[in-house]
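1. coords please:
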Amino acid sequence: MKANWSGHHQFQATQHHHPTSVAEIQAIVRASSACRVVGSGHSFNDIADTTVDLINLDLYSFAPILDNHHGTITVPGSMRYGHLLTFLAPTKWALHNTASLPHISVAGTIATATHGSGVHNKNLATAVIAMDIVRADGTLVQVSAASHGDAFNGMVVHLGALGVVTSVTLQLVPRFDMRQDLYLDLPFATAMAHFEDIMSASYSVSLFTTWQGDSIEQVWRKSQPHEIADAPQSWHGATAATRPMHPIASMSADPCTTQMGEIGGWHERLPHFRMEFTPSNGDELQTEYFVDRRDAVLAIQAVRTIKDRIAPVLFISEIRTVAADQLWLSMHYERDSVALHFTWKNMWPEVKQVISQVEAVLAPFAPRAHWGKLFNLPSTHIRAVYPRMYDFLDLRAQWDPHGKFVNSWMRQAFNL
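-> Numbers count the residues shown, from 1 in each chain. Just a heads-up that it's a prediction; the model follows:
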């Protein structure tokens, strides 16, 4: 892998490794002066890069271990969520949530607190109950909620700074069915006046907008059957879609998961996109900010004040919610969040300027940026919006005293 998924970042590592065993991983880490792990390459910044040894776990794998008695599953960190969903589909189990894209790796997803959506749904990393990690000295250790207590909350969302995650154990929930209903042209004023009602109406709700005009273009409702017996033709002034839609209306809906209210398994409805298709648009950049859900309406209205600056470089934005958790570096640490996601055209110089303008209007709401996406927030801001940041930095120093897993992204983000 020479570049990330969108082609925006070219990896700078001088050595690229594809180990096939834990022993090989340990040997690479032990001998390296600077190393990082790359997952599916879906990060849009250089969080996974290094100048020396880049470790790709695409050739390291083992069969998932399903524990029906405890309702858990242990998988290789490199496993893609789409493959995990396929494995779980015939069983009695499910994940409590999934990301929009099934193409991303389990370890990379949890390391950056990637999230899915729903007012009661926590980010994907909260399902983690144990991990195997190769530390900077090459030793393999298992960490768990049971054995490490509160410190485990600092280990799960680790940004690749603690070591190489070789396996992850996830807590499962009983399987469930879902349906996906789309609505078009939700009046913006109505969305703001009834934001909580709209976002809490289903298991997961997403609003897709270009920030232009007087309406939100698409509403995606992902519901369990008991939540919506029969979708009305009009909902909060929005009209039911008459055909499947892609979030970017001009694009084919073929890559998207089944819509139009057809009931199916959780694994075929919670992601936005199908595993067998190239995810989303491809030639794009992404940014995402999280603010306290209590500030959602004010934050959204603030972004609307610069809609004319956003429009020339934007494909689409997605607004959704994520429940609070206790993971130290989670964007949702101790606060229910609203997520403001921006899928930009691949025009980095122009996008970089607009990102700074978005950050400026969101500044009163203490935004937290998605770790794996593009942002310009300074280290002073980042340190200020995470109450357990210094605990994490102490933990990182204990695990990696010589900074083997520290890269340029971390130095800039944390002022190391």
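2. give me the helices and strands touching the longest helix seen in the chain, please.
-> Among the elements of the chain assigned as helix by DSSP state H, the one spanning the most residues is helix 348-362. The helices and strands touching helix 348-362, judged by 3 or more CB pairs under 8 Å, 6 or more residues apart in numbering; DSSP states H and E, are strand 284-292, helix 296-304, helix 307-310, strand 337-345. C-beta: built from backbone N, CA, C; applies to glycine.
3. nearest to residue 117 among those would be which one?
-> Nearest to residue 117, of all the helices and strands packed on helix 348-362, is strand 337-345, at 7.1 Å by CB to CB.
4. check which helices and strands the strand ranked longest in the chain sits against.
-> Across the chain, the longest stretch assigned as strand under DSSP state E is strand 177-187. Using 3+ CB pairs under 8 Å, 6+ apart, the elements in contact with strand 177-187 are strand 215-223, strand 238-240, strand 264-265.
5. related to what we said a few turns ago, quick check: mean pLDDT of the helix or strand following the longest helix of the chain?
-> Next helix or strand after helix 348-362 toward the C-terminus (DSSP states H and E): strand 368-369. Taken as a whole, strand 368-369 carries a mean pLDDT of 98.
6. with stretch 208-219 instead?
-> Mean pLDDT, stretch 208-219: 97.
7. mind listing what's buried in that stretch?
-> By neighbour count on 16 or more other CB atoms under 10 Å, the buried set for stretch 208-219 is 208, 209, 210, 211, 215, 216, 217, 218, 219.
8. need the contact partners of stretch 387-399.
-> Residues from elsewhere that reach stretch 387-399 (CB atoms under 8 Å, 6 or more residues apart in numbering): 135-136, 151, 153-155, 158, 161-163, 328-329, 333-334, 382-383, 386, 414, 416.
9. quick one on the thing from earlier: let's have the helices and strands packed on helix 348-362 in CSV, adding mean pLDDT, distance to residue 322 and mean neighbour count.
-> Listed next are the helices and strands packed on helix 348-362 as CSV, based on pLDDT from 0 to 100; distance: least, CB to CB, whole Å; neighbours: other CB atoms under 10 Å:
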stretch, mean pLDDT, distance to residue 322, mean neighbour count
strand 284-292, 97, 7, 23
helix 296-304, 98, 12, 18
helix 307-310, 98, 22, 15
strand 337-345, 97, 5, 23
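10. looking at these, which is nearest to residue 243?
-> Nearest of these (CB to CB): strand 337-345, 21.6 Å.
11. so in that sheet, which strands flank that closest one, and in what orientation?
-> With DSSP bridges as the test, strand 337-345 is paired with strand 284-292 (antiparallel), strand 314-322 (antiparallel).
12. now the helices: where do they sit in this protein?
-> Counting by DSSP H, the chain has helices at residues 22-31, 81-88, 106-111, 145-148, 152-155, 188-193, 195-199, 296-304, 307-310, 348-362, 379-385, 389-399, 408-414.
13. so how far is the last one from its chain's centroid?
-> When you say that, I think you mean helix 408-414. Distance, stretch centre to chain centre, for helix 408-414: 20 Å (CA atoms, centre = their mean, to the nearest Å).
14. do the same with the second one
-> The offset between the C-alpha centroid of helix 81-88 and the centroid of the whole chain comes to 17 Å, using CA atoms, centre = their mean.
15. give me the contacts around it.
-> With CB under 8 Å, 6+ apart as the criterion, helix 81-88 contacts 64, 66, 73, 75, 94-95, 98-99, 101-106, 109, 172, 175, 267, 271, 275.
16. quick one: buried ones out of the residues you listed?
-> Buried among the contacts of helix 81-88 (16+ other CB under 10 Å): 64, 66, 73, 75, 94-95, 98-99, 101-106, 109, 172, 175, 267, 271, 275.
17. which ones among these are found in strands?
-> 66, 73, 75, 94.
18. of all those residues, which comes closest to residue 127?
-> When these are compared against residue 127 (criterion: CB to CB), the nearest one is residue 73, at 9.5 Å.
19. hmm, that closest one is touching residue 65, no?
-> Yes: using CB atoms under 8 Å, residue 73 is in contact with residue 65, at 6.7 Å.
20. ends of stretch 303-320, what's the gap?
-> Taking CA to CA, to the nearest Å, stretch 303-320 runs 15 Å from one end to the other.
21. one more: stretch 112-121?
-> For stretch 112-121, the first-to-last residue distance is 16 Å (CA to CA).
22. name the residues of that stretch that come out as buried.
-> 112, 113, 114, 115, 116, 117, 118, 119, 121.
23. roughly how far does the residue most central in space within the chain sit from residue 156?
-> For the chain, the residue nearest the mean C-alpha position is residue 114 (2.2 Å; CA atoms, centre = their mean). Residue 114 sits 12 Å away from residue 156, going by CB to CB, to the nearest Å.
24. what touches both of these two?
-> Common contacts of residue 114 and residue 156 (CB under 8 Å, 6+ apart): residue 125.
25. flag the shaky bits of the stretch 151-300 of the chain, pLDDT-wise.
-> For the stretch 151-300 of the chain, the stretches flagged by pLDDT under 70 are 278-282.
26. same thing but at 90, please
-> Within the stretch 151-300 of the chain, the stretches with pLDDT under 90 are 226-232, 275-283.
27. circling back to that earlier point, select only the buried ones of the contacts of stretch 387-399 in PyMOL?
-> Selection of buried members from the contacts of stretch 387-399 for PyMOL, criterion 16+ other CB under 10 Å:
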select buried, resi 135+136+153+154+155+158+161+162+163+328+329+333+382+386+414
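28. picking up where we left off before, just so I know, which of the helices and strands packed on strand 177-187 lies nearest residue 204?
-> The nearest among these, by CB to CB, is strand 215-223 at 4.1 Å.
29. hey, what's the angle from that closest one to strand 314-322? Just curious.
-> With axes from the mean of the first three to the mean of the last three CA atoms, to 10 degrees defining the directions, strand 215-223 sits at 40 degrees from strand 314-322.
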